[in-house]
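*Asks:* This is a predicted model, with the sequence first.
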Amino acid sequence: MSRPLLLIVALPLLGPAVLAATARGAEPDRNWAATEPADADNDYAFQGEYLGQIHAVCGTPVPFGIQVVALGSRQFSAIGYRGGLPGNGGGSQETITWEGTR
């Protein structure tokens with residue numbers, strides 16, 4: 001049997017077998033690194049990324065992003081990015097950091 005003919009015959013037969021083996025796969029990892037909102041304290045709701053605009057001294061609007069992290073016990077840390085959030089095309093080297101309490 002020639003190689004091209006062998007490939008034409010073998011690929012349709014092997015495809016479903018490979019997909020079935022992949023679907024069965026290993027048991028998924030149950031040790032999640034995610035937090036359920038119902039299991040978190042009230043600070044969890046403030047944590048996240050925020051995007052908006054600030055006005056420069058000359059009055060020109062500039063995109064500005066903030067990443068807020070809840071540290072627990074009503075304590076927060078935040079990083080501000082002039083130009084917007086890193087994943088949104090911004091994230092310049094110019095950052096401002098804050099720590100605060102709610």
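*Replies:* Noted; the coordinates are in hand.
*Asks:* rest of the way, CA atoms for contacts and neighbours
*Replies:* OK.
*Asks:* Helices along the chain, start to end?
*Replies:* 3-24 (DSSP state H).
*Asks:* Return the helix or strand in it with minimum mean pLDDT.
*Replies:* Across the helices and strands of the chain, the lowest-confidence element by mean pLDDT, DSSP states H and E is helix 3-24, at a mean of 58.
*Asks:* What residues does R74 make contact with?
*Replies:* Each residue near R74 by Cα atoms under 8 Å, 6 or more residues apart in numbering is listed here: D43, T101, R102.
*Asks:* and if we set it to 6 Å?
*Replies:* Residues in contact with R74 (Cα atoms under 6 Å, 6 or more residues apart in numbering) are T101, R102.
*Asks:* So what would you say the end-to-end distance of stretch 53-65 is?
*Replies:* 8 Å (Cα to Cα, to the nearest Å).
*Asks:* Pull out the buried positions in the strand ranked longest in the chain.
*Replies:* Using DSSP state E to define each element, the chain has its longest strand at strand 61-72. For strand 61-72, burial by neighbour count (16 or more other Cα atoms under 10 Å) applies to P63, F64, G65, I66, Q67, V68, V69, A70.
*Asks:* okay, the residues you listed in JSON lines with distance to P37 next?
*Replies:* Shown next, in JSON lines, are these (distance: Cα to Cα, whole Å):
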{"residue": "P63", "distance to P37": "29"}
{"residue": "F64", "distance to P37": "27"}
{"residue": "G65", "distance to P37": "23"}
{"residue": "I66", "distance to P37": "21"}
{"residue": "Q67", "distance to P37": "18"}
{"residue": "V68", "distance to P37": "16"}
{"residue": "V69", "distance to P37": "15"}
{"residue": "A70", "distance to P37": "13"}
